[in-house]
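> With the sequence up front, the predicted model follows.
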Amino acid sequence: MSKWVKRSVKVICWLAGVIVLLMAGCFAMLNTSWLQNKLLEETTALLTEKLETKVKIDSVSIDLLTLDAKLYRLDIEDRQQRKMLLLDYLKADVDLWPLLNDEFRISQVKVKGVKAHLIKLPKDSLSPDTVANFQFLIDTFKSDKKKSKEKLPTDSIKKKKKLDLTIDDARVEDIHVVFNNDTASLGKLSVSISRKGTLKGQVENLRGCWSRFNKKGVLVTNEALVTSLKYTEEDSLRLIELSRVNFKTDNHRPRKNTGKPKRGFFDVGHFNIWADMKICVDKIEQGNVHGWLREFTAQDSVTGMDITKLQCEVLANKEGLVLSDVVVCQKNTELRFALGKLKFPNKKAGTKLSYVTSTITGHTYLKDISRSFAPVLRNFSLPLDLKTRMEGDDEGMRFRDVRVTRPGGLLSIKADGYITGLKNKYDLKVHFDVHEAIIKGGEKERLINQFVVKKFMMKQLHALGTIHYTGSFNVLWKKEEFQGKIRTQVGDIQFYFALDENNKYVFGNAKANDIKLGTVLDMSSIGPVSVTADFKFDISKPRTAVMRRKLGGKLPIGEVKAHVFEASYSFVKVRNVDVNIVSNGAIAEGDLQAPGSFADLSCTFSFTNTNELQKMKIKPKMRINLFRSKSSDDEKAAKKAAKDEEKQRKADEKAAKKAAKEEKKALEKQRKAEEKAAKKAAKEEKKAEKKKRKEEEKQRKAAEKAAKDAA
């Protein structure tokens, strides 16, 4: 080998060594903390100048050999010198080789300790924060992006190849965000992509708290918690599992059933629901989502809501939901329906929220809904089989082909009904038409014994035998009405009665033709009776309690006025007999008047126990009419009837006026209370807002003073 060749090889090796040493020196210098801190200072100054606010980074560590980057303590203020964003720690591991294929792959990202305070108040607010305090960040980087696009030629933009960003594993911990007065926090989030491209993720302790004023001006505080959320992909299925999900709401007012033991605990102003669920999704395409709600349980221990099972198939889009094979279970209740459709409201199309179901079937124990809606049902443990179809909107509901039965045909009800006025309790109306109701044998007593109420005339009820009923009932605000016809083995009865919840009375009337009253009262001497009667009973606990303390007794308190068209007692037949019965709770006293052609028969009677009417005390009276003409008797009877009718009419008018006055008074009282509460809430909000503005103004002046002092 010639000397020239040897020298050339030596020079090349020397140059290669120098280049390697220079590269190693550059890498070593770039990896030194001094140079990285110098670059950090320049970057921080550049960001501070660009964002026009204070930006601070404690330290940055970059390893160029492994391409690991770490950032410690990033602190950004908004343009009012308030702490806006704080990040404790960020780490990113970058894979170098995928860059050759125009792919920017980050094998792992870890973020820990983020605190953000974001502010954006409504435009009608007097505060300067009507523009979001983070808007300057968006505007800055958005404008940079636009400028960079404007500088590049159109051809270069088209030919530029897209750089794909891939993150294999991301972990986020300890996140806290405040937006105005709302707060949100995240304990942990982890997301990873497998080699097959399937996604897997988990969220732990996701919390949120927000407060809003409702339409009535009442401040309502809401809290939500997702203790655990797991997301996995298996083949074409997406599986979502949520554990210990909590939703809590509080309107800072007493519950609606406070001091009202007969009212249920359900109150939209007070919820504390815990739920668990498993969801499976197989298709997400063209705005449609298809999947299954495989498991769902929810419980609110205060209201008594307890859903032990909810399953269905779901097809969702922007227009609504289609539910299939729905199963809803409570502790002793199970309901099913094959298809349900829910349509979302659309202001542009002018459509409201609406829903419809196919036939709902199942069995229920009414005690399952007792704590929530009707404490009077807390002992109702008789199973009922149910069948109906339901449809409705945000203002009302309609039930068609309602069927309620008991095993063995002991109870059978066929009905249709509707509910209107759901948005305003004063307009609420529940109406059902009962086409047929059959109650056999001792089922009447079993049904009544499910209620914790005082039971009167149970023996007489049993004597009616099987009952067939057709009629209707209405449930209104502070009033319930029932009417119809009852067919029994002792005769038929037409009736109307109502519960006046305002004045606490039960009143109504009844009419019967040839009813076997002797069989009902266990008094064989009494034959068939044709009668019409009006009744009124006191159901006010305070009023009746006073009478109970004074007199004792177990009878209802009230009065009955009856007109007997025809009746017989032993061998005596009477017509057009007037009967008045007044009960004070301890003793019932009656007066019977039977005018005749030759003599007027009358008697007074009294009893203390409805189960022993055959032992009642009777004092008969008789007046001879030898010198009185029949016409005068008829005239007197007509006058008396007209007088009684006029008296009754005036009494009814007076009672109606009083009831209307009381109802109007109650409505006015409720309206004033709601207005007062709304004004108070608005005043408190205004006061709090004024206080907040003063505090911010004080802080601003203090900051300006501090800045001047520093200058």
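Cool, the structure landed.
> Checking Lys643 next. Helix, strand or coil?
Secondary structure, DSSP: H, G, I helix; E, B strand; the rest coil: Lys643 is helix.
> separation between it and Lys654?
Noted for Lys643: a distance of 16 Å to Lys654, by CB to CB, to the nearest Å. To be clear about C-beta, it is placed using only N, CA and C from the backbone, and glycine gets the same treatment.
> same thing with Asp522?
Taking CB to CB, one finds Asp522 at 38 Å from Lys654.
> what's the answer for Asp401, then?
For Asp401, the distance to Lys654 equals 43 Å [CB to CB].
> What of Met523?
Met523 is 36 Å from Lys654, by CB to CB.
> same thing with Tyr496?
With distances taken as CB to CB, Tyr496 is found 20 Å from Lys654.
> Looking at Met523 and Lys654 now, which is surrounded by more residues?
More crowded of Met523 and Lys654, by other CB atoms under 10 Å: Met523, with 13 against 10.
> Show me the shaky parts of the stretch 551-700 of the chain.
For the stretch 551-700 of the chain, residues meeting the criterion pLDDT under 70 lie at 596-601, 611, 613-614, 621-639, 656, 659-660.
> before we move on, what about the stretch 351-500 of the chain?
Counting by pLDDT under 70, the stretch 351-500 of the chain has low-confidence residues at 453-454, 456.
> where do the strands sit along it?
Using DSSP state E, counting those that start in this stretch, the strands assigned to the stretch 351-500 of the chain run over residues 354-357, 360-364, 384-393, 396-405, 411-420, 429-439, 467-476, 479-488, 491-500.
> Quick check: the gap between Lys615 and Leu521.
Applying CB to CB to Lys615 and Leu521 gives a distance of 11 Å.
> Kindly report the same for His435.
Applying CB to CB, the value for His435 to Leu521 is 31 Å.
> With neighbour numbers in mind, choose between the two.
Neighbours were counted for His435 and for Leu521 using other CB under 10 Å; Leu521 has more, 18 against 13.
> correct me, but Asp492 touches Asn513?
Yes: counting by CB atoms under 8 Å, Asp492 does reach Asn513; the two are 6.7 Å apart.
> residues shared between the contacts of those two?
Counting by CB atoms under 8 Å, 6 or more residues apart in numbering, Asp492 and Asn513 have no shared contacts at all.
> Quick one: the strands in the stretch 151-300 of the chain, in order.
Under the criterion DSSP E, counting those that start in this stretch, the stretch 151-300 of the chain contains strands at 164-167, 169-179, 182-193, 199-213, 219-234, 237-250, 270-285, 288-300.
> Kindly reformat these as CSV containing mean pLDDT.
Formatted as CSV, those follow (pLDDT from 0 to 100):
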stretch, mean pLDDT
strand 164-167, 63
strand 169-179, 90
strand 182-193, 91
strand 199-213, 92
strand 219-234, 93
strand 237-250, 94
strand 270-285, 93
strand 288-300, 94
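> buried set for stretch 327-344?
Neighbour-count burial for stretch 327-344 flags 328-330, 333, 335-337, 340, 343 (criterion: 16 or more other CB atoms under 10 Å).
> Mind checking which of these are in strands?
Among the buried residues of stretch 327-344, the members falling in strands are 328-329, 335-337, 340, 343 (criterion: DSSP state E).
> shaky segments in the stretch 51-200 of the chain?
Applying pLDDT under 70 to the stretch 51-200 of the chain picks out residues 63-67, 94-105, 123-130, 141-166.
> Minimum distance to Arg244: which of the strands of the stretch 351-500 of the chain has it?
strand 360-364 (28.1 Å; CB to CB).
> Quick one: residues in contact with the closest one.
Contact with strand 360-364 is made by 330, 332-337, 383-390, as judged by CB under 8 Å, 6+ apart.
> Do a quick rundown of the helices in the stretch 501-650 of the chain.
Using DSSP state H, counting those that start in this stretch, the helices of the stretch 501-650 of the chain run over 517-521, 541-551, 630-710.
> Please identify the most buried of those helices.
Greatest average neighbour count among those goes to helix 517-521 (a mean of 20), per mean count of other CB atoms under 10 Å.
> other SSEs contacting that helix?
helix 458-463 (3 or more CB pairs under 8 Å, 6 or more residues apart in numbering; DSSP states H and E).
> Contacts for the helix it packs on, please.
442, 444-445, 448, 490, 519-522, 610-611.
> now do stretch 697-705
By CB under 8 Å, 6+ apart, stretch 697-705 touches 80-81.
> How far does that stretch sit from its chain's centre?
Computed by CA atoms, centre = their mean, to the nearest Å, the chain-centroid distance of stretch 697-705 equals 46 Å.
> can you pull the alpha-carbon coordinates of it into CSV?
The C-alpha coordinates for stretch 697-705 follow below in CSV (Å, rounded to 0.1, in the frame of the first residue of the first chain):
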residue,chain,number,x,y,z
GLU,A,697,-62.2,45.6,43.1
LYS,A,698,-60.3,45.5,46.4
GLN,A,699,-57.9,42.8,45.1
ARG,A,700,-57.4,44.8,41.8
LYS,A,701,-56.5,48.0,43.7
ALA,A,702,-54.2,46.0,46.0
ALA,A,703,-52.5,44.5,43.0
GLU,A,704,-52.1,47.9,41.3
LYS,A,705,-50.7,49.4,44.5
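> What ranges does the stretch 51-200 of the chain have for its helices?
Counting by DSSP H, counting those that start in this stretch, the helices of the stretch 51-200 of the chain are 135-151, 154-159.
> is the nearest residue to Asp591 once chain neighbours are set aside in a bridge, and if so with what?
Once flanking residues are discounted, Asp591 sits nearest to Asn580: 4.9 Å by CB to CB, 6 or more residues apart in numbering. Taking DSSP bridges as the rule, Asn580 bridges to Lys561, Asp591.
> and if you look at Ser354?
So, taking DSSP bridges as the rule, Ser354 has Lys343, Asp393 as bridge partners.
> From what I see, it and Met390 are in contact.
No: look at Ser354 against Met390 with CB under 8 Å: they stay out of range, at 11.6 Å.
> which phi and psi does the residue positioned nearest the centre of the chain have?
Centroid-nearest residue in the chain: Val268, 5.2 Å away (criterion: CA atoms, centre = their mean). When read as degrees, to the nearest 10, the backbone of Val268 gives phi -60, psi -10.
> for it, what are its contacts?
Residues near Val268 by CB under 8 Å, 6+ apart: Thr249.
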